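[1] What follows is a predicted structure for the sequence shown.
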Amino acid sequence: MKKKPENILVVGGTGFIGYNFINKIIKKKKYRVYSVSTNSPSSHKRIKNVKYIICDISNKKRLKKKLDKINFKFVLNSGGYVDHTNKKKILESHYLGCKNLAEIFLRKKIKKFLQIGSSVEYGYHKSPHNENYKVNSKSLKSNYGIAKLKSTIFLQKLYKKFKFPVVILRPYICFGPHQSINRFIPIIIKNCLQDASFPCSHGKQFRDFIFIDDLVDIIYKCLNKDNIEGEIFNIGTGKPLKIKKIIETIKKLTQGGKPKYGKVKLRKDELKIFYPNIKKMRKYFNWQAKTPFLKGLSNTINFYEKQF
């Protein structure tokens, strides 16, 4: 007998991670997919057979009313306000929104609540970062980092007290098609495709980059993995790359762009090297990122070439 599809809610289903994740699971026909976001998807980002719910997740009363009648078994929280300069919006969407979702689903029999956290939750800890690092939110200067860490702490309390089936993923710098143009790699690609001059730092920092297909793959594996509730997993390659090398590679692939190195000053407290320890992820999932950086970058450039 064919198994009946289960309901999954993707919070932020019109955003970068949510959209790419839905594109993967909709083809498997194992789930009835619902997306909740503040705005309706544009016509080119509307995916067939996805039910779209328009609601601000920081409005608990309205959110509960929208979700109450649907028997969800899985929740992926990949939503949140992306303008990190707006402290109020960041806290409302990333912390209050997460808290609202968790409190609504605490009283329902869901199988898994996947929370997309962030590497910035580690603050100024030395790399490579381990998941068991203890960080006080008061020590963080990033509003986004504070909101994400407060969400993690809240969700872990729910797990310890009620066995709420939460799993927290901390991706490092994710990139790929459909990402907002104001993010690091897309904006470099845009400038290089337009053969423009653009300011940047000296480029001596090292960061860990993971292609969106690999992130989506591990999210999907988490959905189907037993006995991982309450855990935190770093998601990255474990191989940091030099920022200047990335810019120069994009220049070479696009045959354009005039970066002005050193024109953007680093913050005094900015860490030169920032990347994860991924031993735990490998141990639990026998998994590592499959997409070579150059291949992921080429795919991303091909996508943005059609946009400009």
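    All right, it came through fine. Residues are numbered from 1 along each chain as shown.
[2] Lys150: what's it in contact with?
    95, 137 (CB atoms under 8 Å, 6 or more residues apart in numbering). Backbone N, C-alpha and C define where each C-beta goes, glycine included.
[3] Name the next helix or strand following the helix or strand of the chain with the lowest mean pLDDT along the chain.
    Ranked by mean pLDDT, DSSP states H and E, the weakest helix or strand in the chain is helix 87-90, scoring a mean of 82. Per DSSP states H and E, helix 87-90 leads on to helix 97-106 as the next helix or strand towards the C-terminus.
[4] what packs against the least confident helix or strand of the chain?
    Where contact means 3 or more CB pairs under 8 Å, 6 or more residues apart in numbering; DSSP states H and E, helix 87-90 is packed against helix 143-162.
[5] Buried ones in the helix it packs on, by neighbour count?
    Residues of helix 143-162 classed as buried: 143-152, 154-156, 158-159 (neighbour count, 16 or more other CB atoms under 10 Å).
[6] swap in stretch 204-222?
    For stretch 204-222, by 16+ other CB under 10 Å, it's 205-220, 222.
[7] Tell me the confidence at Ile63?
    Actually, residue 63 is Leu. It isn't Ile. We note a pLDDT of 97 for Leu63 in this prediction.
[8] That one: neighbour count?
    By the measure other CB atoms under 10 Å, the count of residues near Leu63 is 21.
[9] Confirm that it lies within a strand, as I assumed.
    No - according to DSSP: H, G, I helix; E, B strand; the rest coil, Leu63 belongs to no strand; its state is helix.
[10] so what's it up against?
    Taking CB under 8 Å, 6+ apart, we find Leu63 in contact with 36, 55-57, 100-101, 104.
[11] farthest pair in the residues you listed?
    The span of those, defined through CB to CB, is set by Asp56 and Ile104 at 13.8 Å.
[12] Now do Lys295: how many residues are near it, please.
    Using other CB under 10 Å as the criterion, the residues surrounding Lys295 number 12.
[13] helix, strand or coil for it?
    Assignment for Lys295 (three-state DSSP): helix.
[14] Which residue, other than its chain neighbours, is closest to it?
    Phe211 (7.8 Å; CB to CB, 6 or more residues apart in numbering).
[15] Quickly list what the one you found is bridged to.
    Following DSSP bridges, Phe211 is listed with bridge partners Phe175.
[16] What of Phe233?
    With DSSP bridges as the rule, Phe233 is bridged to Leu169.
[17] and the two most separated of the buried residues of helix 143-162?
    Once CB to CB is applied, the buried residues of helix 143-162 give Asn143 and Tyr159 as the farthest pair, at 25.0 Å.
[18] Cross the buried residues of stretch 204-222 against strands and list the overlap.
    With strands taken from DSSP state E, the overlap with the buried residues of stretch 204-222 comprises 206-207, 209-211.
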